[in-house]
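[1] Next come a sequence and a model predicted from it.
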Amino acid sequence: MTDPSKSPNGGWTPRIVAFFCNWCTYTAADLAGVSRLKYSSNIRVIRLMCSGRVDPQFILDAFSRGADGVLIGGCHPNDCHYVEGNYKMLRRFQLLKRMLADLGIEEQRLRLEWISAAEGEKVKRVVNEMTTQIKALGPLGMPEKFRDWDQEVIELAHHVEKSGAAACCCGSAAAPKDSKAEVAHV
Amino acid sequence: MKYSYFPGCSLKGLGRAYEESLLPVMKHLGVELQELNDWNCCGATAYMAVDEGKACVLAARNLALAEQNGGHQLLAPCSACYMVLNKTQHYCQDYPQMKETVDRALASVNLKYSGHSTVRHPLDVLINDVGLEAIRQKVVRPLKGLKIAPYYGCQIVRPYATFDDQFNPVTMDKLLQALGAEVVRYPLKTKCCGGSLTGTLPDAGIRMVYILLNEARKRGADCLATVCPLCQFNLDGYHAQLRSQYGDAVLIPTLYFSQLMGLAFGLPEEELGLKRAAIPFRWRPAAPVAKAGASVAVA
Amino acid sequence: MVNFKEDIRIGFYVCHCGHNIAAMVDCPEVAKYVATLPNVVLSRDYKYMCSDPGQELIQMDIREHKLNRVVVASCSPLLHEHTFRSATEAGGLNPFFFHMVNIREHNSWVHTDRKEATEKAKGLSQAAVMRVAKHKSLDVKRVPVNPEALVVGGGIAGITAAMALAKAGKKVYLVEREPSIGGHMAKFDKTFPTLDCAACILTPKMSEVGSHPNITLWSYSEVTKVDGYVGNYTVQVKRKARYIDEDLCTGCQDCITQCVFKEPKFEDLFNEGLGKRKPVYIPFPQATPQIVLIDPEVCLNFKRGIKPGQEPVVSDKCKKTCVEACGEKNAIDFTQKDELEEIKVGTIIVATGFKTFEAERLPQYGYGIYPNVYTALEVERLVNASGPTGGDVILRDGKEPKSIGIIHCVGSRDKKTHVWCSRVCCMYSLKLAHLLKEHTGAEIYNFYIDMRTPGKGYEEFYNQLLDEGNHFIRGRVGEVTDWAVTKEEEGKLVIRVEDTLAGVVRRIPVDMVVLATGLEPQKDAQDVRRLFNMSCGSEGFFLERHPKLAPVNTFNDGVYIAGCCQGPRDIPDTVAQAGAAAAEALALIDTGYVEQEPNTAYILADCCGCKSCIPLCPYTAITYDETTLKAVINEALCKGCGTCVGSCPSGSIVQNLFEDDEIFSEIEGVLAFK
Amino acid sequence: MSKPKVAFYWCASCGGCEETVVDLAEDILGVVEKVDIVLWPVAMDFKYKDIESMPDRSIVATLLNGAIRTSEQEEMAVLLRRKSQYLIAYGACAHLGGIPALANQFSREQILKFNYEDCPGMVNERKTRPQLHFEENGCSPHLPEFRNVVRTLDQVVDVDFYIPGCPPTPNLTKAAFDALLSGKLPPKGSVLAPDSALCDECDRKKTKPSDIAFLEFKRPHQALFDPEKCFLAQGVVCMGPATRSGCGAVCTSGNMPCTGCFGPTSRVRDQGAKILSSLCANIGPRDEEGINKVLEGIPDPVGTFYRYGLAKSLLRRKVNLPTSGNGH
C-alpha cells in the first residue's frame, strides 16, 4: 500500500474533491472532455443535482479524509436549473470560508465557481489554477494530522499496557477510535 | 480629480506647446496634475524597435514610480508614451517572461511594478472623468464658425483601443463640438502622419503629410486638431517641402486640441503656446458677450 | 428492513470505449484493482460496454453471479446512465442498484499522463463501488404528458414545426412576437441557390398555419412565464394590445386607407426602415393573421410620449376616420390592454430565430455614415417587388448604382466581433449579387475571406455567378471611405482592400456597398433561455443536449430547439431541424408519459418541525403539517435539487439517489484510492 | 447477592455534571438503595488503588464526565474502561469535548503561556510552568502531562453509551439508571436521548414563520428577547434546530437561545456545519456584499457553532497548530 497522496510518478500531488451540479458545471466538464481540453488530473468530481445540495459536512468530510482542496461548481447567478440553489450555496460559502480560515485552513483550498454548461474552457482554467495554488500551499493532510495528534495518546496506552494488567482490557484502549466511529442511537 | 502626470520628452521639447496649453486647461477644469518625480524615457520608438525588453523596463520604471507615489492614474498626453506604457502593461500581464525581466531590472533599483496603475489619456479623462457638460460650462468664447478636422493619429487607438473606437474614434470630435466648433467629417483621422518616415524616407513621409492636409482642406477645414506631438510636428513642419514637391504648400495650421480648449475657455493666449507653430493660427473666437458676473477673458 | 443482512455483491465493469478510454487508462489494471475491494464479486474490463454484447454481459453476470449491485466505468452518465440502468433492470435488478463512473469525459479525454489517469480511474471506481453498496431500490414514477404543444417563434422553423404537429393531430399554440408570422424569410426576395421566390413558397405555409384547426395562432404575443416540468408545463403568454379586436377584424384594410394620415410617414420596420407606414397598418401584404394593428406611439388618438412599461393613454384628439371606415364591424378598440393568457402544454419547441449583426459596430465600413452603404437585409427589401421601391434598386441618394461592392463576413469570423462563420452569408451574397446584376446591370465586386458553399447545388451556383462576370476579390476589406485620391473616385465610395491573391492593396470605387452581416443570437436570448430553463453556448445561441446525437433536444426535457436560435443555418437545414424537433415532441406526446428520475426528497419522522427548509424550496413543495407539527414534501412538486437536504439542520430530510450516506461513501472512496 | 457496583468520575469538566447527580434529589436515594457506589471523588473517599485492585469488569457502569486533556485523565479512563462493563460518557464534555474543547483552537504553548505568564493578575516573575517531575523537601511529586489536544472520551477509549447535556438533566440521568438496572438497554453506542432536534419540544416553535429570511443576526447581549417568539424569528442564532432534544427546552424556556450542548442528532456528523448550512441558506440577500453584511452578526462561527462540539467535529481542532511533540 503506497501513500495515497503520492502521485504514481513519485512526490506529493494535491487531491481536489469537486462537487459539480448536474446541469451546468458537470456538463461543462463533459464539454471539456468532448473538446479534448487538457487539465491536471488532481480533481475527482462528485456529481450532485445542484450546488444547493452541497452540505458543508461534505466539504469538511472531504478535508478530513485527505482532500487538499474542495471545488464547488454551480450555475451562474440567475441561471440555476432549480431557480436559486446556487445562491444558497454562495451564502454558505461566504461563512464557511471564514470559519475555515478561523480553523487554519487556507482560503485557496475551498473554491466556489460558477461554470455554465458552455464553459468547458473555464473548467480547465479553474482546475489548473487551483492545482497550482494548492501545490504551492502544500498538503493539508488531515488524516496524517489526526495520526500525528493522537500519537500522544497511543504512547500512554502502550505505557499502561506495559505496566501490566492489560491482558484482559476490554475497552481496547490501544488505539484511539477513529473519530468517525459510528454511533447507533436510541 | 488628481492624476500623476507623465510628460515624456516631447512635451518638454518639440511638443512644448502641448504641455503649455494642457496644464492651464486642466487646471482651469479643476484637474490636478502632479508631475511624476524622476521620470525617464517612456521607451518608445528606437528602443521599442530594437529591444522590447529594455523598452518595457524603461516604461515599467515610470509605472512603478507612479505606484510608489500612490498615483495609480497616470496621465500620458503624448501618444507614443501612452501606447508604450499601455503596451508594457499588456506585455507584463500576458508574457510571464517579460514580467520577470521587468521585475528583475526594477528590483535592482528597489522598485516594484505590480500592475495596479492605469494609464490615462487626456481625452479619456476629459470625456469620461471631467465630462462634456463641465467642459461646456467653461466655454466663454465658443469656437463658432471654426471648421476643424479632428486628427487622432495612430497610436492612441492602435493596437489598444482603450477608450475610443479603433477605426472611428469620436472623443475629440465631441470635445471640439462642445467648444462650439464645427467638426468636418475627416475619414483620415487615424491614418499615418508620416511618422518617422519624414526623417528616413522623406518622399513617403511627405506624401502622407500632403494627403492628410490636402484632404482636410478639401473638406473645408480651417485647421487640424491633434493629440500627438509627432503628428503636430509632421503636419506643421514640412510645408516648404510640400511646396517644392507638390507645388502646393497647403498652408493649413495644426493645433493641439488643448490649445483650442484654452482659446474657448478664454485663457490668456500667450500661455497657450500658439506662437510655437510654423503655420500660424490666426483665427480667434469672438469676445464673450458681456454678462453680469461672467468672468472676462484676457484679450 | 428486510434486506439488512443481505450480502452486497457488486459487479464492476470498466469500458475501453475502443481506444477512447483504453489509450489513456489501463483498463485491465483498474479491473484488477477494483476486484480487491470489499463486496466486489466480479470485475471485468470490456471493449464496448454500451454495445449489445456489453449489456448482455451485465445481465448474464447478474444471473450467474447473483450480483445485486452494478458499477460501470465508462463515459458520462449524461450519455449512457439510462442504457446501463436498463441493462441492470433487464438482468432482474432494480435499475437504481447501478452507478456509473465517468472515466472518459472526465478522465481519459482530458488528461495526458497514463499513470495518473489510471490512478484517477481507480479512485473514481472505488468511490462508485463504495457508493453503490448504499444504494436502495427505487421506483420510477410515470407522469402523463399533456398532448398539447407550444411552438415559440413563427419563422420558417416555427411554422414547419407547428404544421408537423398539427398534421399529426396535436393541438398546437404558435406564439409569435411580431404582428405577423413569417420571420426573416418573409423579408427575403429569393432563396438560394434555386432562386425560388421566398414569398411564393412561404406564404402558402403561413396561411395554412393561420387556418389550421389544430393551431391556435397568437401573433403579437410573448411568452412571459413558464412553470412546471416535462409533460406538464404551465405557460403564461402576454397578448399585446393591437387596439383591434382580432375576432372582428376582417382584414379589409379600409381603416388604413381612411386614416387621417393621407401619406405613410412612419418608419416601416418590416422594410428595414426603407419604407414608410401609417399608424394603423398591416406589416406586409401577405401578413398572417390578416389583421391590422395600431401603433400607439404615433397614432393621434393616443397621448404622446409613452414611457417604457406604461400603458398608452387615449387622447381622443383624432377624428377617428378609421373607426368610421370600420363601420359596423366595430373592430377598433382604443381601450384594449395587454392580456395575459395561461395555457397548459406538455412539450415546447423554441424557434426564436436570430438577429443580424449591427453593421454600425464596424464604423470602418461606413454604415450609418455613408447613405449608400446597405445591409444585406435592406437589399433584400430593395430588390423585392413588394418592397419600398417596388423592386427598383434606387439608392438613398436617388441614383441607380453602376457599381456595387459586397463585403462578406461583416461581423463573422472576426475575433473583435464574432468568431463564428454565419454559414449563410456567402450564399446570400451570391444570390444578392445575381439579383442586383439582374436589376441594375452594375459591375459587382464580392470581397470575401473564403467562399464557403457547402450544400446541394451551392458550388454550382457559385460557378454560375463566376460565369455571369461578377468580380471576386479575396481579402478582408479594410475600410469604406469617401476619401478620393483620383478623379474617378470623386463622389464614390472607395473600398480599400488587400487582394490576397494578387498581393496588392486595391482601391475600388463603387456607388453602393452591401454589407453581408452575419447572424447572431437574439438580443433577449439570455432571457428566453432562462424562461425555458435552457443553456446557451458561449456565443449565446441555445445549447443542444448533444451536438451530434441530440441536436434538437435541450437540457430541459420536453423543450426542443429548432432553427437559427441554436446557431446560424440556412432554410433547408432549418426546415429539416424543425421537423426533427416536431418528431421528438411527437414521440414524447405519443408515449403518453414521462418517467421521472426518482431523486425526490422526503422527510423523516424525526423531523423537529423547525421550518428551516420551507422557504428554501423554489417549488413550494415543502409545507408545514399543522397536525403532526412537522414538515412534509409533496413529491409531485419536488424536482430533486436537494437544497433542503443539504440545509436540514437535524439531517431529517433524505434525497433519493443522493442520500447523505451515499455521498459520504463517494467522498471516502475518491480519497481512499491507493 | 451484592448490589451492582457503580462508579462516577470526572475529567476536564466544571463539576456541573456532578451537580446533576445530586439534582436527582430524592431519586438519588432510590439509586443508592439499588447500587453500590465504588468511586465518586466529589463525594466519597476512594483511592486509585481501590479501583485498580478490583477485578476487571466488576463495575457494572461508570459514568464519566469531562473531556480528556491530561495523561492522568487518560489513565483513569483506561482503568475505568477495564474495570467496567458499561462505560458511559456523561455530559457534553465527555460526549463532544464540551467547553474545554474550545481550547482546540489554540496550541498547548499558547495556553500555557497565557495562563502562566500573560494572563492579567498572574504574578509569576520566574515564569515557572508546571513540571512533570520536581524535587521538593525530599519528595519527588509527579504531575500529569498536559496534552496538545482536547479529546472526547470515545477518542481515548471505547464508549458504550452517551448521556448528553451541559449538564445532562436529572430526567435523562434517572432514565439511564432505570435502563441500566432493568437491563433494557439500547444498542451500544446510543445517545440516551431522543433523536429529533430541540424545536420538537420548544414552545416557541409555533411562532416561527415559514418564510424566514435573515437580514441580520443579533447576539444575545444586543437585544431584549421576546419571551415567546422563536429566537430565529428574532434574528438570534439558536442552535435548537441542529441540536438533539431531551433537555426539555430549559434554555429557551428561560429566554435564552439554545447553544447546542446536546450535540447533533444521529443523522448528522458535524453539528456546526449543519447549523451553518441551515442559517446561511436562509439569508435574505443574494449578493456577496449583502450576504457578508448579514454574516457580520456571526463574528465567531467556531465559538458559536462548535461551543460544545469542536473536539467531536469533523476537523476536531484548528488544523495548523503545532502537532505532536510533548512540549516539555
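    Cool, the structure landed.

[2] and the residue of the stretch 51-200 of chain B found nearest chain C, how many neighbours does it have?
    Residue nearest to chain C within the stretch 51-200 of chain B (C-beta to the nearest C-beta): B:Asn168, separated by 3.4 Å. C-beta coordinates here come from the backbone N, C-alpha and C atoms, glycine included. By the criterion of other C-beta atoms under 10 Å in any protein chain shown, B:Asn168 has 20 neighbours.

[3] cool, C:Lys402 as well?
    Using other C-beta under 10 Å, C:Lys402 has 13 neighbouring residues.

[4] Verify the stated contact: it with C:Gly491.
    No. If you go by C-beta atoms under 8 Å, C:Lys402 and C:Gly491 don't touch, sitting 11.7 Å apart.

[5] how about the helices of the stretch 101-250 of chain D, start to end?
    Along the stretch 101-250 of chain D, counting by DSSP state H, counting those that start in this stretch, helices occupy D:108-113, D:170-182, D:250-253.

[6] just so I know, which of those lies nearest A:Ala29?
    helix D:108-113 (43.0 Å; C-beta to C-beta).

[7] what's that closest one packed up against?
    Secondary-structure packing of helix D:108-113 (3 or more C-beta pairs under 8 Å, 6 or more residues apart in numbering or on different chains; DSSP states H and E): strand D:146-151.

[8] Spatially central residue for chain B, please.
    B:Val227 (2.8 Å; C-alpha atoms, centre = their mean).

[9] Quick check, pLDDT for that residue.
    If you check B:Val227, the pLDDT there is 96.

[10] Now do the same contact list for it.
    B:Pro77, B:Ser79, B:His121, B:Pro122, B:Leu123, B:Tyr152, B:Gly153, B:Ile156, B:Met172, B:Tyr256, B:Phe257 (C-beta atoms under 8 Å, 6 or more residues apart in numbering or on different chains).

[11] ok, now how distant is it from chain C?
    Applying C-beta to the nearest C-beta, to the nearest Å, the value for B:Val227 to chain C is 19 Å.

[12] host element of C:Ile444?
    If you go by DSSP states H and E, C:Ile444 is part of strand C:443-448.

[13] Now do the buried residues in the host helix or strand of C:Arg63.
    Using DSSP H and E, C:Arg63 maps to helix C:52-64. For helix C:52-64, the buried set under the neighbour-count rule, 16 or more other C-beta atoms under 10 Å in any protein chain shown, comprises C:Gly54, C:Gln55, C:Leu57, C:Ile58, C:Gln59, C:Asp61, C:Ile62.

[14] Distance to C:Ala186 added to these, as TSV?
    Converted to TSV, those look like this (distance: C-beta to C-beta, whole Å):
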residue	distance to C:Ala186
C:Gly54	51
C:Gln55	49
C:Leu57	56
C:Ile58	54
C:Gln59	55
C:Asp61	60
C:Ile62	58
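
[15] Domain ranges for the chain, per the record?
    This is for chain A. Following automatic domain parsing, one gets these domains for chain A: A:16-140, A:144-185.

[16] um, chain D though
    According to automatic domain parsing, the ranges for chain D are D:5-99+D:147-182, D:198-312.

[17] where in chain A is pLDDT low?
    Applying pLDDT under 70 to chain A flags residues A:1-10, A:159-186.

[18] Does B:Ile127 touch B:Lys174 like I think?
    Yes. In this structure B:Ile127 lies within contact range of B:Lys174 using C-beta under 8 Å: 6.7 Å.

[19] and those two? which has more neighbours close in?
    Between B:Ile127 and B:Lys174, counted using other C-beta under 10 Å, the more crowded position is B:Ile127 (20 against 16).

[20] In three-state terms, label C:Val632 for me.
    Using DSSP: H, G, I helix; E, B strand; the rest coil, the structure places C:Val632 in strand.

[21] Skip the chain neighbours and tell me the closest residue to it.
    Distance criterion C-beta to C-beta, 6 or more residues apart in numbering or on different chains; nearest residue to C:Val632, sequence neighbours excluded, is C:Asp625 at 5.0 Å.

[22] my guess is the one you found contacts C:Ile633, does it?
    No. Counting by C-beta under 8 Å, C:Asp625 does not reach C:Ile633; the two are 10.6 Å apart.
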